[in-house]
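Pasting the sequence and the predicted coordinates here, then a few questions.
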Amino acid sequence: MKVVESAMRREPTMGGSLRVGQVYRYASGKDPDPPTLDGHPNFHHVTHSPGLKRALLEAGINGMAKVNGPDGVRRPAILIRSSPWKAGTEQTPWHDVFDMDNGHVRYFGDHKAGLRAAPGTTTGNAALLEAFTSHQGHTPEERAAATPLLLFRAVSRNGKPKGHVEFCGLGVIERAERLVQWGGREHTTFVNYVYDIALIDLTAEHDEVAWEWIHARRDKDLTSAQALALAPRAWREWVKHGDSALPRLRRRVARAKVTKVRDQRPQTGSTDATDLELVYKYFDGRKHDFEALASAVAARVLRGSGHSYLEGWLTRRSGDGGADFVGRLDLGSGLAGTSLVVLGQAKCVRPDTLITAEQIARVVARLRRGWIGVYVTTGAYSESAQTEMVEDQYPVVLINGLDLVRELQNIARDNHGGDLTACIEHVLSGQETAVTNRRPEEILLQ
């Protein structure tokens, strides 16, 4: 007997994840199939919740229907869409600000000129003000029910301003403010709300928000606490600690350039750990000797990038003013070249010690235009110190304990049969760097 396959269409499965910076196709048909459209992920596929209504971006502020869960009423999420191509028009006289690098969005509400309703009673403003109240919850239990904001902005593709949106992140409202705006066909003033929104760090989730979390918040049989288990780690931290945690939980693009402390330290019991401990003990209490070693390692690192580096001198034991050694980095040659003064700081500390932003700032304070810094230590650099350095664009090269010992291991392997102590003694005995109190800029005359 001939088998006839069912022509019935299968219900699409649970949506996937929204990735920051990803552009999604938002088609008018709102069909969750296929997974991709016109070379872009299908928004309705990624945000699909089987058996539930579609997630929409039809308006600027799109609040999902509230759910009456076992522990009370909650709104699963608010999806916000900004349309930059409308900014400054009669329809949208304001300009939303999306500073994704620093985790800040300034978003204007949906009140418009000519509306008789009070500014806070329009559909979008009412939803965001209610969300703002939930974000101000005083207890973790209250914040567990708080409404997540999923932010998007319209982008143009193939010359068309509609039909594509970029996911910009997960947000918490920090401040809501009433202000007077000007616009509309009558060119008159009107009152609206503007919201300052903190974008939450999603580094632990590789810059993604799993739709499974939003789906769980839409499940009336789950408590807010149960759904919270699927939330991004930084969101859970915010629920636990509140607004006081936002400064460290805010999205910072600079964090992509930050190395975890654990990745700066050798694994316990490894050869790297044994050798780093040897280096620390060898130089413990021998500050100037370690400065000579740090100068040599810094020279090797900077030359390793293909540039010409000249070692200068060590500073005197007192009054070094934030610099332990001086060098010169030469870039290019002739008229197409330039030279940079290099100020070095050396810190021989226990391998489990963290170097703080304040310690690095001592070198930064000495830098002038055309100078760079090098910080060499047997310890590691705190993540906050690295973040501050990257965000403020400090021209400082950081060499941690693990990098230091591996450079020495390479020298020992190539020239001393792998004997690290012999390598260190050779570096010190061959160190011709003078100890002086000369001005750093004099290195440019050599």
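Arrived safely.

and the longest strand seen in the chain, C-alpha only, in CSV?
Ranked by residue count, the top strand of the chain under DSSP state E comes out as strand 164-183. Extracted in CSV, the C-alpha atoms of strand 164-183 (Å, rounded to 0.1, in the frame of the first residue of the first chain):
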residue,chain,number,x,y,z
HIS,A,164,15.7,44.8,9.0
VAL,A,165,16.6,45.4,12.6
GLU,A,166,19.8,45.1,14.6
PHE,A,167,19.7,43.7,18.1
CYS,A,168,21.4,46.2,20.5
GLY,A,169,21.2,44.4,23.8
LEU,A,170,19.4,43.9,27.1
GLY,A,171,18.5,46.9,29.2
VAL,A,172,17.5,48.3,32.6
ILE,A,173,16.0,51.8,33.0
GLU,A,174,18.2,53.9,35.2
ARG,A,175,16.2,57.1,34.9
ALA,A,176,13.0,58.4,33.5
GLU,A,177,12.6,62.2,32.9
ARG,A,178,9.8,64.4,31.7
LEU,A,179,11.0,67.0,29.2
VAL,A,180,9.5,69.5,26.8
GLN,A,181,10.1,68.9,23.1
TRP,A,182,9.4,70.8,19.9
GLY,A,183,7.9,69.4,16.7
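
in it, what's buried?
For strand 164-183, the neighbour count (16 or more other CB atoms under 10 Å) marks 164-174, 176, 181, 183 as buried. Bear in mind the C-beta positions are built from the backbone N, C-alpha and C, glycine included.

from these, which has minimum pLDDT?
Among the buried residues of strand 164-183, Gly183 carries the weakest pLDDT, at 65.

so who does Ala27 touch?
37, 42-44, 163 (CB atoms under 8 Å, 6 or more residues apart in numbering).

hang on, the earlier thing: ok, the buried residues of strand 164-183 vs Asn192, which is closest?
Of all the buried residues of strand 164-183, Asn192 sits closest to Gln181, with 5.2 Å by CB to CB.

ok, and the closest non-adjacent residue to the closest one?
Asn192 (5.2 Å; CB to CB, 6 or more residues apart in numbering).

residues in contact with that neighbour?
Contacts of Asn192 (CB under 8 Å, 6+ apart): 94, 108-109, 111-112, 119, 125, 178-181.

same deal with Phe108?
Applying CB under 8 Å, 6+ apart, the residues contacting Phe108 are 94, 96, 181, 192-195.

Between all of these, which two are separated the most?
Largest pairwise distance in the contacts of Phe108, by CB to CB, is 13.8 Å, between Gln181 and Tyr195.

Measure how far whichever strand or helix holds Leu398 is from the centre of its chain, please.
Assigned by DSSP states H and E, Leu398 belongs to strand 396-399. A distance of 20 Å separates the centroid of the chain from that of strand 396-399, by CA atoms, centre = their mean, to the nearest Å.

if we can go back for a sec, pull the CA atoms of the next helix or strand after the longest strand of the chain into CSV?
Using DSSP H and E, the next helix or strand after strand 164-183 towards the C-terminus is strand 188-199. Taking Å, rounded to 0.1, in the frame of the first residue of the first chain, the C-alpha atoms of strand 188-199 are listed here in CSV:
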residue,chain,number,x,y,z
THR,A,188,4.7,73.5,18.8
THR,A,189,6.0,72.3,22.1
PHE,A,190,4.8,69.1,23.9
VAL,A,191,5.7,67.1,27.0
ASN,A,192,7.2,63.7,26.6
TYR,A,193,9.4,61.2,28.6
VAL,A,194,13.0,60.2,27.9
TYR,A,195,14.6,57.1,29.4
ASP,A,196,18.2,56.5,30.2
ILE,A,197,18.8,52.8,29.8
ALA,A,198,21.8,50.8,30.9
LEU,A,199,22.8,47.9,28.6
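
Provide the strand pairings for strand 188-199, with the direction of each partner.
strand 104-108 (antiparallel), strand 164-183 (antiparallel) (DSSP bridges).

and it, which residues are buried?
For strand 188-199, by 16+ other CB under 10 Å, it's 190, 192-195, 197-199.

Quick one: the residues you listed as a markdown table, columns for pLDDT too.
Formatted as a markdown table, the buried residues of strand 188-199 follow (pLDDT from 0 to 100):
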| residue | pLDDT |
| --- | --- |
| Phe190 | 85 |
| Asn192 | 92 |
| Tyr193 | 93 |
| Val194 | 93 |
| Tyr195 | 95 |
| Ile197 | 96 |
| Ala198 | 96 |
| Leu199 | 97 |
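
returning to what we had before: which strands or helices does the strand holding Leu398 pack on?
helix 287-304, helix 357-364, strand 371-377, helix 383-391 (3 or more CB pairs under 8 Å, 6 or more residues apart in numbering; DSSP states H and E).

mind redoing it with 7 Å?
helix 287-304, helix 357-364, strand 371-377 (3 or more CB pairs under 7 Å, 6 or more residues apart in numbering; DSSP states H and E).

Just after it, pick out the following helix or strand.
helix 401-415.

would you put the C-alpha positions of that next one in CSV?
Output in CSV follows, covering the C-alpha atoms of helix 401-415 (Å, rounded to 0.1, in the frame of the first residue of the first chain):
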residue,chain,number,x,y,z
GLY,A,401,53.9,37.2,35.4
LEU,A,402,52.9,34.5,33.0
ASP,A,403,54.1,36.5,29.9
LEU,A,404,57.3,37.4,31.8
VAL,A,405,58.2,33.8,32.7
ARG,A,406,57.5,32.5,29.2
GLU,A,407,59.8,35.1,27.6
LEU,A,408,62.5,34.0,30.0
GLN,A,409,61.8,30.3,29.3
ASN,A,410,62.3,31.0,25.6
ILE,A,411,65.6,32.7,26.2
ALA,A,412,66.7,29.8,28.5
ARG,A,413,65.7,27.2,26.0
ASP,A,414,67.5,28.9,23.1
ASN,A,415,70.7,29.8,24.9
